[in-house]
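> okay, predicted coordinates and the sequence, questions at the end:
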Amino acid sequence: MKKKIFINRKEVRGPWGGENSFMGALCSYLKKKYKITTDIKSNFDIALINALTLITLEDIKKIHERGIPIIHRKTNFIASGSEKIRRKINGIITGDKIQIDFSRYIKHSIFQSNFSYEFFQSEGFNSNYDIINNGADEHIFNFYLRNFLFKKKRKFWSPHDKFKLLIVSWSSNQMKGFKEYDSIDKSYNLENEEIKFVGNLPASIEFKKIISLKPQPKKKLAKIYKNSHALLFLGKYETCSNTITEAINCGLPIIYEDSGSNSEVVKNCGIPYSGFLKKDLAFIKSNYSNLIENCKKRDLKISLVAPKYEKIIERYLVQ
């Protein structure tokens with residue numbers, strides 16, 4: 001009989017953020033071996049808790065009191081969530097403090113990056129943990145325009161083509177780089193280039209040169225990735241950007257803000273933003289083939305990430 005895992009999520013269909021996309025891909029993988037329940041009152045053998053999604057400290061205590069082992073996937077709230085959850089009290093971010101308070105009731109923590117672990121450690125975390133970067137569903141986010149019997153590889157940039165730069169943000173939080181994007185829209189002279197934004201814009205911003213699209217479902221978003229040539233990602237203090245993992249899996253070199261976990265996740269698949277987009281694009285174009293090869297080799301696929309979760313789950317199921 002399959003063991004049952006409780007996961008605190010409510011599946012959202014349609015466009016609803018990278019976190020929803022990652023957890024959906026992880027659950028799909030785990031369903032091959034385990035039963036998944038989202039009913040906290042049901043009987044289950046182990047709990048895999050994601051951040052603070054639909055969960056409180058009291059819920060964690062009740063699961064613990066039932067003798068059920070708990071694994072907790074932590075997310076930093078320095079740049080995510082409501083103003084209340086991002087507020088600092090005595091030097092510790094409120095959302096992070098709540099997650100640290102889970103520690104006495106949980107068996108193991110999973111951090112999405114070294115940056116995230118070190119940040120939580122500086123706030124007082126001290127318990128069992130592993131660091132596992134996120135992974136994208138490679139059945140959707142891949143190098144193919146068609147992914148059925150007759151695969152068709154996506155078209156990559158060549159010097160005679162218009163270079164298509166993509167920006168993606170599910171959140172309209174200013175920490176996602178909107179000041180810089182707005183400045184680029186106002187000052188950058190588009191020559192043989194196109195910049196497209198997909199996501200939610202702050203009410204204060206209306207792009208003039210940058211093409212703006214509303215959030216897209218993951219399959220349509222993947223198609224946009226595959227028809228683009230690089231990703232501009234200027235979000236700050238990111239725990240582990242799912243936008244970056246999806247873009248790399250679709251073969252997009254990244255120009256990134258050197259903040260949070262961005263450099264750790266991108267590695268040799270891109271460059272930090274210098275503040276001069278023309279200079280950075282020139283580098284991407286000059287090194288395009290090598291960067292694409294690096295994207296192909298990067299291990300940010302759910303088929304490589306999910307087994308690491310499974311290994312931890314198995315460790316605590318047998319105790």
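Alright, I've got the coordinates. Numbers count the residues shown, from 1 in each chain.
> number of nearby residues for Leu275?
Slight slip there: residue 275 is Gly, not Leu. By the criterion of other C-beta atoms under 10 Å, Gly275 has 9 neighbours. Bear in mind the C-beta positions are built from the backbone N, C-alpha and C, glycine included.
> and the pLDDT at it?
Predicted confidence (pLDDT) for Gly275: 96.
> can you check Ser82 too?
For Ser82, the predicted pLDDT is 83.
> how much space between it and Asp101?
To Asp101, Ser82 is 18 Å away according to C-beta to C-beta, to the nearest Å.
> likewise for Gln174?
Look at Gln174 and Asp101: by C-beta to C-beta, they are 28 Å apart.
> next: Ala136.
Per C-beta to C-beta, Ala136 is found 31 Å from Asp101.
> tell me which of those two has more neighbours.
Of the pair Ala136 and Asp101, Ala136 is the one with more neighbours under other C-beta under 10 Å, namely 28 against 12.
> could I have stretch 205-216 exported to PDB, CA atoms only?
C-alpha atoms of stretch 205-216 as PDB (Å, rounded to 0.1, in the frame of the first residue of the first chain):
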ATOM      1  CA  ILE A 205       4.200  51.700 -14.400                       C
ATOM      2  CA  GLU A 206       3.100  51.700 -18.100                       C
ATOM      3  CA  PHE A 207       5.800  50.600 -20.500                       C
ATOM      4  CA  LYS A 208       6.100  52.500 -23.800                       C
ATOM      5  CA  LYS A 209       8.800  50.500 -25.700                       C
ATOM      6  CA  ILE A 210       8.600  47.200 -23.800                       C
ATOM      7  CA  ILE A 211       5.800  45.000 -25.000                       C
ATOM      8  CA  SER A 212       3.600  44.100 -22.100                       C
ATOM      9  CA  LEU A 213       1.500  40.900 -21.700                       C
ATOM     10  CA  LYS A 214      -0.700  39.700 -18.800                       C
ATOM     11  CA  PRO A 215       0.300  36.500 -16.900                       C
ATOM     12  CA  GLN A 216       0.200  33.400 -19.000                       C
END
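> what comes into contact with it?
Outside stretch 205-216, the residues within contact range by C-beta atoms under 8 Å, 6 or more residues apart in numbering are 15-16, 167, 170, 178, 181-182, 184-186, 188, 190, 194-201, 224.
> restricted to strands, list those.
Of the positions in the contacts of stretch 205-216, 167, 194-199 sit in strands, assigned by DSSP state E.
> farthest-apart pair in those, please.
Spatial extent of the ones in strands among the contacts of stretch 205-216 (C-beta to C-beta) is set by the pair Glu194 and Gly199 at 16.6 Å.
> give me the more crowded residue out of these two.
Counted by other C-beta under 10 Å, Glu194 and Gly199 do not tie: Gly199 has more neighbours, with 20 against 15.
> quick one: the host helix or strand of Phe22 to chain centroid distance?
Secondary structure from DSSP states H and E places Phe22 in helix 17-30. The chain centroid and the centroid of helix 17-30 are separated by 10 Å, computed with C-alpha atoms, centre = their mean, to the nearest Å.
> so where's this structure uncertain?
Across the chain, the ranges flagged by pLDDT under 70 are 11-19, 146-150.
> middle-most residue in it, spatially?
Asn242 (2.0 Å; C-alpha atoms, centre = their mean).
> for it, grab phi and psi.
The phi/psi pair for Asn242 (degrees, to the nearest 10) reads phi -70, psi -30.
> just the one 4 residues further on next, same as before
Note on Glu246: backbone dihedrals following degrees, to the nearest 10 are phi -70, psi -40.
> that one contacts Asn134, doesn't it?
No: contact criterion C-beta atoms under 8 Å: Glu246 and Asn134 do not qualify, at 9.4 Å.
> where do the strands of the stretch 151-300 of the chain begin and end?
Ranges of strands in the stretch 151-300 of the chain, per DSSP state E, counting those that start in this stretch, are 152-153, 163-169, 193-199, 211-213, 230-233, 254-256, 270-272.
> what packs against the longest helix seen in the chain?
Ranked by residue count, the top helix of the chain under DSSP state H comes out as helix 302-317. Applying 3 or more C-beta pairs under 8 Å, 6 or more residues apart in numbering; DSSP states H and E, we find helix 302-317 packed against helix 17-30, strand 46-50, strand 70-74, strand 108-111.
> that'll do, ta.
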